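*Asks:* predicted model follows, preceded by the sequence.
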Amino acid sequence: MAYRLQTEDRWPLLLAPLIPILLGALAVGGASAELLLAVALAGALVIAGLYLTAFVDIAWLFSGAVAMTLFSGHWRDLGFPGLLSPDRLLLVVAFVVFLLRDPSLGRRAYFRLTPTHVVLVLAAAFAICSAVAAGTIAETSTLFPLLDRFGLVPFLLFAAGPVAFASEHQRRILLGTFLAIGAYLGLTSLFTGLGLDSLVFPRYIVELGPEVQAGRARGPFGDSAINGVALFYCAVAAAVAYVTIPKTWVRNLALAIGALCVFDLIFTQQRSVWIGALAAALCAAAAAPPLRRRLPLALGLAAVALLAAFVLVPGLHQQTTERIGNQRTEWDRLNLNKAATNMIAERPLLGFGLGTFKEKSGPYFEQDQDFPLTNTTGELHNVFLSNATQLGLLGASIWLLGLVLAVGGAIAMRGPPQLYPWRIGLLAIAVMWLVVANLVPMVQAFPNQVLWLWAGVVWPWRYTRIGSESNEGDDGRAVNG
């Protein structure tokens with residue numbers, strides 16, 4: 001919905017004098033130069049963000065915050081102070097503006113509390129209490145997975161999504177953001193796959209330690225699996241843009257970006273990504289007749305592109321063959337999963353506490369007669385087992401129920417016809433997330449935030465009517481607004 005400047009929205013300017021006052025107090029207190037710089041930059045960003053909200057749609061703030069999570073965890077590599085995370089600051093600004101805008105004045109849609117939100121609140125409370133009881137709440141190795149993977153921030157995005165992206169215009173802002181992300185990730189992955197490291201930006205991507213995932217398209221995440229998930233998400237967004245935006249040049253651009261993102265999946269050299277992408281495409285095609293008719297053509301084009309890549313890119317075929325035949329990572333996962341199941345059997349109800357797997361898993365590893373014991377110190381490569389081990393079956397069940405109600409409910413329940421492509425897109429994204437979440441730690445913010453935010457985007461018709469568009473379901477029958 002459009003938002004007009006209101007006189008009372010100029011209040012953020014009143015916060016500006018607080019920055020030099022706070023900096024002076026910190027300087028007198030002997031704060032470090034890095035802390036002073038972080039406070040100055042954070043204050044300036046927050047005030048600028050709050051002021052700009054008087055002129056821009058709130059959808060831009062949430063879209064921008066999600067886009068900036070591409071660099072989450074690597075802001076120091078870009079020259080920012082270690083204490084400053086611009087993506088989280090912008091997200092805080094977005095939520096503050098979300099709360100400040102008065103729905104009774106038509107400045108945003110109303111928020112409606114549902115049983116799904118109650119379950120998510122219970123899951124969040126359970127996880128926080130578990131971390132407090134285990135004494136790990138103050139550790140960054142626990143706090144960030146709690147925020148991003150479990151995830152408190154994704155829950156909030158799910159709640160805000162139906163309001164922030166209630167209109168077609170707002171959803172197109174999000175699609176445009178994903179197209180920009182897809183173009184960037186697609187080109188970066190292509191340059192990496194072709195060995196054109198001089199064209200990769202920012203430089204830290206190619207300067208990361210070569211001992212881990214060397215030669216793979218890791219993207220700004222520094223992780224090829226997460227980069228592959230992000231590429232697939234952007235391909236899905238490009239497909240939704242192609243069928244929902246009538247402008248020819250936008251459709252052509254979306255088609256090109258989507259094709260590039262799908263092609264780049266081979267450069268990630270991640271079997272979990274390949275399996276997830278294929279499973280997601282098949283599920284989406286099975287659910288949508290138009291996609292089902294085009295699936296043979298799409299698979300044929302993908303096969304031709306893959307063969308061309310093997311022929312034209314030196315060493316790609318050999319590298320892919322080696323990745324497919326690599327059993328070491330399979331043994332690692334099997335060993336970690338065995339330790340996790342033993343821990344669950346030991347403490348099935350409440351688990352060992354959030355953030356305790358690495359510390360307490362040692363005695364629970366077992367030597368299997370069919371493969372060596374190769375990894376006893378790594379991160380558990382399964383989100384579901386990780387939650388069950390640390391939160392117990394009780395906490396993991398509450399979290400899983402929230403996931404099923406939020407994401408599964410958004411997929412299963414019919415809504416307005418204009419949200420049908422988004423619903424099919426959510427199915428593809430959810431399948432991709434489910435496959436990869438069973439095979440990698442998935443601690444990065446981007447894949448989790450997008451899953452839950454996209455589910456929220458499919459929910460607006462449950463909150464309030466979206467103009468005259470919200471009174472028909474996918475099949476043309478009336479639904480409740």
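*Replies:* Arrived safely.

*Asks:* can you spell out which helices and strands pack onto the longest helix anywhere in the chain?
*Replies:* If you go by DSSP state H, the chain has its longest helix at helix 168-193. Applying 3 or more C-beta pairs under 8 Å, 6 or more residues apart in numbering; DSSP states H and E, we find helix 168-193 packed against helix 58-68, helix 204-207, helix 224-244, helix 248-268. Where you see a C-beta, it was placed from the backbone N, CA and C, and this is true even at glycine.

*Asks:* flag every buried residue along it.
*Replies:* Judged by neighbour count using 16 or more other C-beta atoms under 10 Å, the buried positions of helix 168-193 are 170-179, 181-193.

*Asks:* and stretch 150-169, by the same measure?
*Replies:* Here stretch 150-169 shows 150-167 as buried, counting by 16+ other C-beta under 10 Å.

*Asks:* right, and the helices and strands packed on helix 168-193 - which one's nearest Ser386?
*Replies:* helix 224-244 (15.3 Å; C-beta to C-beta).

*Asks:* can I get the closest one as CSV, trimmed to CA atoms?
*Replies:* Coordinates of each C-alpha in helix 224-244 appear next as CSV, following Å, rounded to 0.1, in the frame of the first residue of the first chain:
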residue,chain,number,x,y,z
SER,A,224,28.7,-23.6,-1.3
ALA,A,225,25.7,-25.4,0.0
ILE,A,226,24.0,-22.2,1.3
ASN,A,227,25.0,-20.4,-1.9
GLY,A,228,23.2,-23.2,-3.8
VAL,A,229,20.1,-22.9,-1.8
ALA,A,230,20.1,-19.1,-2.3
LEU,A,231,20.6,-19.6,-6.1
PHE,A,232,17.6,-21.9,-6.2
TYR,A,233,15.5,-19.5,-4.1
CYS,A,234,16.3,-16.7,-6.6
ALA,A,235,15.4,-19.0,-9.5
VAL,A,236,12.0,-19.6,-7.9
ALA,A,237,11.5,-15.9,-7.4
ALA,A,238,12.4,-15.3,-11.0
ALA,A,239,9.8,-17.9,-12.1
VAL,A,240,7.2,-16.1,-10.0
ALA,A,241,8.2,-12.8,-11.5
TYR,A,242,7.9,-14.3,-14.9
VAL,A,243,4.3,-15.3,-14.5
THR,A,244,3.0,-12.4,-12.4
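
*Asks:* now it, how far from the chain's geometric center?
*Replies:* Centroid separation for helix 224-244 versus its chain: 11 Å, with C-alpha atoms, centre = their mean, to the nearest Å.

*Asks:* by how many degrees do it and helix 168-193 diverge?
*Replies:* If you take axes from the mean of the first three to the mean of the last three C-alpha atoms, to 10 degrees, helix 224-244 sits at 140 degrees to helix 168-193.

*Asks:* show the model's pLDDT score for Met165.
*Replies:* If you look again at residue 165, you'll see it is Phe, not Met. According to the prediction, Phe165 has pLDDT 93.

*Asks:* isn't it right up against Ile58?
*Replies:* No: Phe165 is beyond contact range of Ile58, at 9.1 Å (criterion: C-beta atoms under 8 Å).

*Asks:* C-terminal to the helix or strand in which Ala125 is found, what's the next element?
*Replies:* Per DSSP states H and E, Ala125 falls inside helix 115-134. Using DSSP H and E, the next helix or strand after helix 115-134 towards the C-terminus is helix 140-145.

*Asks:* who touches that following helix?
*Replies:* Applying C-beta atoms under 8 Å, 6 or more residues apart in numbering, the contact partners of helix 140-145 are 131, 136-137, 151, 354-355, 358, 443.

*Asks:* please redo it, this time with the cut-off set to 6 Å
*Replies:* 131, 136, 354-355, 443 (C-beta atoms under 6 Å, 6 or more residues apart in numbering).

*Asks:* return the distance of that helix from the chain's centre.
*Replies:* 16 Å.

*Asks:* if we ignore the residues flanking it in sequence, what's nearest Val458?
*Replies:* Ala410 (4.2 Å; C-beta to C-beta, 6 or more residues apart in numbering).

*Asks:* and that neighbour, which of the three is it?
*Replies:* helix (DSSP: H, G, I helix; E, B strand; the rest coil).

*Asks:* just for the chain, where's the confidence low?
*Replies:* Residues of the chain that meet the criterion pLDDT under 70 lie in 1-35, 38, 45-55, 82-83, 210-212, 460-481.

*Asks:* Leu334 versus Leu453, what's the distance?
*Replies:* Per C-beta to C-beta, to the nearest Å, Leu453 is found 33 Å from Leu334.

*Asks:* which of the two has more residues huddled nearby?
*Replies:* Leu453 (23 against 18; other C-beta atoms under 10 Å).

*Asks:* the more buried one: helix or strand, and which one exactly?
*Replies:* Here Leu453 is assigned to helix 445-457, by DSSP H and E.

*Asks:* give me the angle between that helix and helix 58-68.
*Replies:* Using the same axes, to 10 degrees, helix 445-457 lies at 150 degrees relative to helix 58-68.

*Asks:* for the stretch 301-450 of the chain, just list every one of the strands.
*Replies:* Counting by DSSP state E, counting those that start in this stretch, the stretch 301-450 of the chain forms no strands at all.

*Asks:* going along the chain, name the helices of it.
*Replies:* 316-324, 328-346, 357-360, 383-403, 409-412, 420-437, 445-457 (DSSP state H, counting those that start in this stretch).

*Asks:* relative to helix 328-346, how tilted is the longest one?
*Replies:* Computed with the same axes, to 10 degrees, the direction of helix 383-403 lies at 60 degrees from that of helix 328-346.

*Asks:* can I get helix 383-403 as CSV, trimmed to CA atoms?
*Replies:* Output in CSV follows, covering the C-alpha atoms of helix 383-403 (Å, rounded to 0.1, in the frame of the first residue of the first chain):
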residue,chain,number,x,y,z
VAL,A,383,18.6,-29.3,11.7
PHE,A,384,15.9,-31.7,13.0
LEU,A,385,18.3,-33.9,14.9
SER,A,386,20.1,-30.8,16.2
ASN,A,387,16.9,-29.5,17.7
ALA,A,388,15.9,-32.9,19.1
THR,A,389,19.3,-33.4,20.7
GLN,A,390,19.6,-30.1,22.3
LEU,A,391,15.9,-29.2,23.0
GLY,A,392,14.6,-32.8,23.5
LEU,A,393,11.7,-34.2,21.8
LEU,A,394,9.4,-31.8,23.5
GLY,A,395,11.1,-28.6,22.3
ALA,A,396,11.7,-30.1,18.9
SER,A,397,8.1,-31.1,18.5
ILE,A,398,6.8,-27.6,19.4
TRP,A,399,9.2,-26.1,16.8
LEU,A,400,8.2,-28.7,14.2
LEU,A,401,4.5,-28.1,14.8
GLY,A,402,5.2,-24.4,14.2
LEU,A,403,7.0,-25.2,11.0
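
*Asks:* go ahead and measure how far it is from the middle of the chain.
*Replies:* Centre to centre, stretch against its chain (C-alpha atoms, centre = their mean), the figure for helix 383-403 is 19 Å.

*Asks:* which helices and strands does that helix pack with?
*Replies:* Other elements packing on helix 383-403 under the criterion 3 or more C-beta pairs under 6 Å, 6 or more residues apart in numbering; DSSP states H and E are helix 115-134, helix 328-346.
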